[in-house]
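Visitor: From the sequence below, what's the structure:
(2 chains, ligands or ions: 2)
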Amino acid sequence: MSTAIEIRSAVKRYGTTTALHAVSLEIADNAFFTLLGPSGCGKTTLLRCIAGFEDLNEGEIRLFGQDIARLDPNHRPVNTVFQHYALFPHMTVLENVAFGLKMIGVSLDDRRARAGRMLEMVHLSAFADRMPTQLSGGQQQRVALARALAPEPKVLLLDEPLSALDLKLRQAMRVELKTLQEETGITFVFVTHDQEEALTMSDRIAVMSQGRVQQVGSAREIYEAPVNRFVADFIGETNLIEVTVERIEGDWARVILPGGHVIRCAAAGTSPGKHHLSIRPERLSLAKTGELVATIERVVYLGTDLQLLTRLTSGEAIQVRLQNSARTEVPAPGTQVALHLEEGAARLLAD
Amino acid sequence: MKGVRHYPGFLTMAVACLVILYAPLIVVTVYSFNASTSITTWGGFSWRWYGDVFTGPEAPRFKAAAWNSITIAVLAASAATTIAVAASLAMIRGGRFRGKSATFALINLPLMVPEIVTAVATLIFFSAIGLVTGYMTILIAHIVFCIPFAYLPITARLQGIEDSYEQAARDLYATQWQAFRLVLLPLMLPGVISGFLLAFIISLDDFIITNFVKGAGMETLPTAIFGSVKQGIKPNIMAISTMMLAVSVLFVTLSYLVNRIGQRTRS
Ligand SMILES: Nc1ncnc2c1ncn2[C@@H]1O[C@H](COP(=O)(O)OP(=O)(O)OP(=O)(O)O)[C@@H](O)[C@H]1O
Ligand SMILES: [Mg+2]
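Guide: Ligands and ions are numbered 1, 2, ... in the order given. So this is what the prediction gives:
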């Protein structure tokens, strides 16, 4: 598969603050690629650098092999869906969608036809002659999408396009966006701070924090094999426990849990010493007997799941998630239970 | 908190202010329709003095002055608005640059400097560089002092427009000029029109500076009126003043309405 975007050691500074610290990324053609991270981590900055609204201080951005880092936005074959849509308020919906085509010199008849087809694709043909202010938020969002897709860009950039919509609409739009990406074959670079959005839509995800890319991988890799504490903590819920790696045997590490219980898990490039262990709550279950003894402190009913807040005899708080079925026995707070770790449930983190 | 209306003396103060501000205007307006030649005794309603302005002995002087006033106002307001648009783009969209606050002060200085000082200084400047006073010197002086009046509403409008619209246009392959002409300018238009109308009325109305730089034999409406009044106040002056008042009120109202419509269409 060819590479759509290649970013090499991109650095962006605003005065004394550095928004991007030598970011390097490869985005495959035809992919739904997501930039995920907490507020202020530099997602928007990176997107704006790709679009050309900001200049990099260092580094390069290649689009299908061509260095575009110093081109003006109108010379970059990428289009953007803005967070607040930025539809031109003095133009009709159709004129908005046709704007990009007009700028690249498509004839009037042609661009009306193509803009019309784009509106059809986002189910808004009936609204062609309305002004943007006469549309609901969800409809405006689709117009913004149609407008950005109309000139058939090589890459579509989307900056939190769903954040202004309500939950139901957001969920429907996730599916629609994903379908649109697959149908058009255009590479989508999608920015969000919502991990659920990222996990459900993306082919690949780059997790960012403080201007750095922490990990790039599929939803599954990022969730199940986080490389560091930030990723483990940011994606989903997890139990982070401080442990001691006693020794490394090939690919495996002998790990001593607080309280002396010893387990074996993948070494993940660690060396003997203090490390953190990540255990997903749903990978833990209750057992009648075992060495890892905990006391139930609270039981939270979540509908599909039960969340148990427990505490090890050594003092660490551990969350357990059980599926709520008819057979689930709900232990009462105060009772002592043994926790059972599934094979491969615990992951050693490099930092 | 107590409303301002409950303070002792509020009503008296308010009435006094309104009377001082508007009584003279009302008197002039009413007496411009006076049939009598006296400016103080009412002799019944008549359009007589309005007719006198257009056909009476002073009519040619007033017509020439009105023509000068209006053409200067249109030209000065157009030039000042163009400069003000460029200035506000530089100030609001130009990012940070050295001397930005100083530039802001410079643009708005004409609002602060006593007009008489500007008038004297401008006259001295023109004679120093050897410019013969006349139509051109009035026009140049008017362009300069109209700039801040055009600048303020334009800047207020531009500040309220997010830069994502221009970015969206650039993103969709528009050049910088196309993004300005097709997207930013239409969005700024209410501010631009409002600024133009304000500059127009300020130019039309100016007396002090104009009087200094106009040169002999050149008149605008305000200086022509002043010249007539020096020979004694006749009712035709009230008629001409009432017409100017009507034009001013009309333009200020238009400027206000344009701004309000602009506010409503803003998404
Ligand atoms: N124009 C600017 N001037 C100065 N600093 C900026 C500017 N834009 C962004 N920053 C800083 O750069 C960092 C990254 O900002 P960015 O907008 O990329 O974050 P983000 O990941 O998009 O966050 P959010 O999820 O809140 O949108 C922040 O610390 C921010 O304060
Ligand atoms: Mg952002």
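
Visitor: In chain B, where is pLDDT below threshold?
Guide: Scanning chain B for pLDDT under 70 picks out B:1-2, B:263-267.

Visitor: Could you pick out the residues of it near chain A for me?
Guide: Within reach of chain A by C-beta under 8 Å from any C-beta of the partner chain, chain B has these residues: B:162, B:164-165, B:167-175, B:178, B:182-183, B:186-187, B:265-267. For every residue, glycine as well, the C-beta is placed using N, CA and C.

Visitor: Off-centre distance for stretch B:5-14?
Guide: 33 Å (C-alpha atoms, centre = their mean, to the nearest Å).

Visitor: before we move on, what about stretch A:328-337?
Guide: Distance, centroid of stretch A:328-337 to centroid of chain: 35 Å (C-alpha atoms, centre = their mean).

Visitor: Likewise for stretch A:63-78?
Guide: Distance, centroid of stretch A:63-78 to centroid of chain: 25 Å (C-alpha atoms, centre = their mean).

Visitor: which other residues reach it?
Guide: A:2-5, A:29, A:49-53, A:55-56, A:59-62, A:103, A:153-157, B:167, B:170-175 (C-beta atoms under 8 Å, 6 or more residues apart in numbering or on different chains).

Visitor: Run through the residues you listed and flag the ones next to ligand 1.
Guide: Residues of these in contact with ligand 1 (C-beta under 6 Å from any ligand atom): none.

Visitor: quick one: which of those sit in strands?
Guide: A:T3, A:A4, A:I5, A:G59, A:E60, A:I61, A:R62, A:V155, A:L156, A:L157 (DSSP state E).

Visitor: is it true that the third one touches A:S24?
Guide: No. Taking C-beta atoms under 8 Å as the contact criterion, A:I5 and A:S24 are not neighbours in contact, 11.3 Å apart.

Visitor: what about those two, which has more around it?
Guide: A:I5 (23 against 12; other C-beta atoms under 10 Å in any protein chain shown).

Visitor: A:L309 pairs with what?
Guide: A:R298, A:Q319 (DSSP bridges).

Visitor: quick one: it from ligand 1, how far?
Guide: 30 Å (C-beta to the nearest ligand atom, to the nearest Å).

Visitor: quick check, A:V213 in a helix?
Guide: No. Counting by DSSP: H, G, I helix; E, B strand; the rest coil, one finds A:V213 to be strand, located in no helix.

Visitor: Next, show the common contact partners of A:I5 and A:S24.
Guide: With C-beta under 8 Å, 6+ apart, A:I5 and A:S24 have no common neighbours.

Visitor: From the residues of chain B next to chain A, keep the buried residues only.
Guide: B:164-165, B:167-174, B:178, B:182-183, B:186-187, B:267 (16 or more other C-beta atoms under 10 Å in any protein chain shown).

Visitor: In helices, which of these appear?
Guide: B:S164, B:Y165, B:Q167, B:A168, B:A169, B:R170, B:D171, B:Q178, B:P186, B:L187 (DSSP state H).

Visitor: which of those sit farthest apart?
Guide: B:D171 and B:P186 (17.8 Å; C-beta to C-beta).

Visitor: Next one: whatever residue of the stretch 101-250 of chain A ends up closest to ligand 1 from chain B, what distance?
Guide: In the stretch 101-250 of chain A, the residue that lies nearest ligand 1 is A:H193 (4.7 Å; C-beta to the nearest ligand atom). Using C-beta to the nearest C-beta, to the nearest Å, A:H193 is found at 19 Å from chain B.

Visitor: Run a quick neighbour tally on that residue.
Guide: Residues near A:H193, counting by other C-beta under 10 Å: 18.

Visitor: pretty sure it is touching A:P38, no?
Guide: Yes. Contact criterion C-beta under 8 Å: A:H193 and A:P38 qualify, at 5.9 Å.

Visitor: Could you pull up the contacting residues of A:V320?
Guide: Contacts of A:V320 (C-beta under 8 Å, 6+ apart): A:P281, A:L284, A:S285, A:L286, A:Q307, A:L308, A:T310, A:L339.

Visitor: Number of residues surrounding the second one?
Guide: When you say that, I think you mean A:L284. 24.

Visitor: Show the contacting residues for it.
Guide: Counting by C-beta under 8 Å, 6+ apart, A:L284 has contacts A:N239, A:I318, A:V320, A:R321, A:L339, A:H340, A:L341, A:E342, A:A345.

Visitor: what's the distance between stretch A:80-97 and the middle of its chain?
Guide: 26 Å.

Visitor: On the three-state scheme, the residue of the stretch 1-150 of chain B at minimum distance from chain A is what?
Guide: Across the stretch 1-150 of chain B, no residue is closer to chain A than B:R96, which sits at 9.5 Å (C-beta to the nearest C-beta). Put simply, B:R96 is coil when judged by three-state DSSP.

Visitor: what does A:Q181 give?
Guide: helix.

Visitor: who in chain A is up against chain B?
Guide: A:51-53, A:72-74, A:78-80, A:82, A:84, A:86-90, A:99-100, A:103-104, A:132-133, A:147-148, A:151.

Visitor: Buried subset of those residues, written for PyMOL?
Guide: A single PyMOL command selects the buried members of the residues of chain A next to chain B (16+ other C-beta under 10 Å):
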select buried, chain A and resi 51+52+53+73+74+78+79+80+82+84+86+87+88+89+90+99+100+103+132+147+148+151
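
Visitor: In strands, which of the residues of chain A next to chain B fall?
Guide: Counting by DSSP E, the residues of chain A next to chain B contribute A:V78, A:N79, A:T80 to strands.

Visitor: Stretch A:189-201: which residues count as buried?
Guide: A:V189, A:F190, A:V191, A:T192, A:H193, A:Q195, A:E197, A:A198, A:L199, A:M201.

Visitor: what mean pLDDT does it have?
Guide: The pLDDT scores in stretch A:189-201 average 92.

Visitor: distance between that stretch and the chain's centre?
Guide: Worked out by C-alpha atoms, centre = their mean, stretch A:189-201 lies 4 Å from the chain centre.

Visitor: Start and end of stretch A:53-73, how far apart?
Guide: 6 Å (C-alpha to C-alpha, to the nearest Å).

Visitor: Identify each buried residue in it, please.
Guide: A:F53, A:E54, A:L56, A:G59, A:I61, A:R62, A:L63, A:I68, A:A69, A:P73.

Visitor: For the residue in chain A sticking out farthest from the centre, which three-state class applies?
Guide: Most distant from the centre of chain A: A:D109, at 40.0 Å, with distances by C-alpha atoms, centre = their mean. Of the three states, A:D109 takes helix according to three-state DSSP.

Visitor: Great, nothing more from me.
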